[in-house]
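In: Next comes the sequence, and after it the predicted model I'd like to discuss.
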Amino acid sequence: MDINMKHVVILTGLFFLLLGTNAFAQTKMIGHKSHSGNKANFTLMEEGNFGEPPMPIVPRVITKISDTLFVVTYSGYRIKRDTIVMNPPLSPKTLKRLIPGVILKGFDQDFKKTPKHGNVVVPSDKLEPLNREDDLVSIVLLLGAISAIVGLYTWYNHDNR
Amino acid sequence: MKYQLVGRNFLYRFLIIFVPLFVILVPFEFQVLPSTGKLLSSTMGNGMAWLWGNEFPYMGQLESDTSGLYFLFLTVVILSCSTALVWTLLSRNKPISERLQYGITTFCAYYVALQFLNYGFDKLFKTQFYLPEPNTLFTPMGMLSKDILYWSVMGSSYSYTFFGGIMEVIPAVLLLFKRTRRLGAVLAFFVACNILMINVGFDISVKLYATFLFLMSLFVAFPGLKACVALLVLNKKPQLQQFPSLWNNKKQLIFYRSIKTFVVGIILVEVLFGHIINNNFNDDQATRPFLHGAYEVEYLAKTDRVEKIKRLFIHRKGYLITQGLDGTMTDFRLCFDWNEQAFQLESPTGHKDILHLQIQENPWCFMLKGSLKGERVYMKAWPIDLTDLPLLQDDFHFFVDEYLVSQTKVTR
């Protein structure tokens, strides 16, 4: 599917939504000054704290709720999700190309354009429960691998003698 | 000598209470480890406001360097001092056990290692000192305050940020192993001292926590520093106390090593998890939002009443920033309206505007039509190539001669 101008505009918004949560380590004051340029209007609502790594939040799953309504699930350690309206919507192929590694749920491969309509309230029962199994497996595997390396090092070097 | 021993025992007792308590209560957000401080921050903040009054605006909020956090620190110090005093009096000069001394030293060493690895990897992967945002690049240096200037200068050099990361990771790794702990602690002490002075010198609002890490590294490094002074200054053979043996049989040894392996493993997972899951190992190369950048503004319709804008910037965190003819910057919180295909802007004062977006492909630019600060505007935004800016040039010159060559090229 070719990307037309409307899709470019949609993608603009999608990227704001998806990348707005990218890593950005800073103090609250530096975070505020990075966009405001000065300390006026500073509040503690600003992102950042100790200049430490922030919580990773990355887009993982896009679930189709209706023809124009989608739920983007971000995953990392803390999971959050957003409801977005894409009107007209992008095809699964385009979404996959633009957000590599994203899992698409409820999409029909023969994606058809649908007429415009306004925002729709999402019935809560339509939202799928969050799946954290993938993350847990990753954590366990990572933990196991690292622990094994450190354990072997400690064992062979007898560092505590 | 007796007073020295009593003082030493009191210090250890104070640290045994103070360090774990403050570590639990400080609102540091971890990724895998439980962020107990964050969970308790609301309750503790209210407690601080109740205990010390509401004289300061942020007394009830525990964040880095708020009055609430300083008073929490003071409260924990007072609480730990009084408890340690009672403990010392009740113990009737009985010295504190070697295992307890070793335990608190190890705890401090591991905590410093955890935080050094955390900040160290963040520097290695360039997520702490990120590339300056487009609006910062177009702000005159004199208009920047010291903290954002320091952040931006560091963010402009990948190699120095990487070096800074290495300088934190090396002592942290050395701290994790008994054999290298003293060396790691001495290195960590100097690094922590530098961090503290940067935060003080550039007015970066992580002064209290940096002081806490500095004092912890001083405590762990003290025997090593004494040995350095003995060897290098007094020309004496340094006498270092042996670490106590923590096991008596093979079963205990296996238990000890398993615990250590688990703790070191969880520290590494904590510091690497975010980078792995985000697949971000060089933030300079990370994808930016579609319209992220700086733009020259061309007005398409007469606007007599609106303050003229010469540039606008799209910030990575969802802000649209305008720069007036006099250089004044104004930031607006930016949201995208999916149905209207328009920017919804909110000024810091809460004023809301809508700008409709039209994208032109060839030559690439975009048009904004709608209201800004309540006035009608219709303007075209032409992208500025940020890679042309001198600060973002990846230049390195071994010889000054190279400058001459490039100057000659320019002249020709």
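Out: Perfect, I can see it now. Numbering: from 1, shown residues only, chains lettered A, B, ... in the order given.
In: Wasn't residue A:63 part of a helix?
Out: No - according to DSSP: H, G, I helix; E, B strand; the rest coil, residue A:63 belongs to no helix; its state is strand.
In: Specify the beta-bridge partners of it.
Out: Using DSSP bridges, the bridge partners assigned to residue A:63 are residue A:71, residue A:105.
In: Where does the prediction get shaky in the chain?
Out: With no chain named, the answer covers chain A. For chain A, the stretches with pLDDT under 70 are A:1-25, A:51-59, A:74-80, A:87-88, A:94, A:97-100, A:108-140, A:147, A:151-161.
In: um, chain B though
Out: B:1, B:290, B:302-307, B:338-339, B:406-412.
In: max-length helix in it?
Out: helix B:250-278 (DSSP state H).
In: Now that helix: buried residues?
Out: B:257, B:260-261, B:263-275, B:277-278 (16 or more other C-beta atoms under 10 Å in any protein chain shown). C-beta: built from backbone N, CA, C; applies to glycine.
In: Those: which ones sit near chain A?
Out: Among these, proximity to chain A is found for B:257, B:260-261, B:264-266, B:268-269, B:271-275, B:277-278 (C-beta under 8 Å from any C-beta of the partner chain).
In: so which of these comes closest to residue A:89?
Out: Nearest to residue A:89 out of those is residue B:278 (C-beta to C-beta; 26.5 Å).
In: So which bits of the stretch 1-150 of chain B are right by chain A?
Out: So far as C-beta under 8 Å from any C-beta goes, the stretch 1-150 of chain B lies against chain A at B:27-29, B:31-32, B:58, B:61, B:63-66, B:118-119, B:121-122, B:127-128, B:130, B:133, B:135-136, B:139, B:143-145, B:147-148.
In: Would you mind writing the ChimeraX command to select the buried ones in these?
Out: Buried members of the residues of the stretch 1-150 of chain B next to chain A, defined by 16+ other C-beta under 10 Å, are picked up in ChimeraX with:
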select /B:27,28,29,31,32,58,61,63,64,65,66,118,119,121,122,127,128,130,133,135,136,139,144,147,148
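In: Strands - which of the residues of the stretch 1-150 of chain B next to chain A land there?
Out: If you go by DSSP state E, the residues of the stretch 1-150 of chain B next to chain A have nothing in strands.
In: Partner strands of the host helix or strand of residue B:322, with direction?
Out: Element membership of residue B:322 [criterion: DSSP states H and E] is strand B:319-324. Partner strands for strand B:319-324, per DSSP bridges, with pairing direction: strand B:309-315 (antiparallel), strand B:329-337 (antiparallel).
In: Can you give me the buried ones in the last one?
Out: Of all the residues in strand B:329-337, those buried under the rule 16+ other C-beta under 10 Å are B:329, B:330, B:331, B:332, B:333, B:334, B:335, B:336.
In: re earlier: looking at the strands paired with strand B:319-324, which is nearest to residue A:146?
Out: Closest to residue A:146 of the strands paired with strand B:319-324 is strand B:309-315 (C-beta to C-beta; 36.0 Å).
In: Other residues contacting the closest one?
Out: With contacts defined as C-beta atoms under 8 Å, 6 or more residues apart in numbering or on different chains, strand B:309-315 is touched by A:34-35, B:133-135, B:138, B:289, B:291-297, B:320-325, B:331, B:334, B:372, B:379, B:381, B:384.
In: Buried ones among those?
Out: A:34-35, B:133-135, B:138, B:289, B:291-295, B:297, B:320-323, B:331, B:334, B:372, B:379, B:381, B:384.
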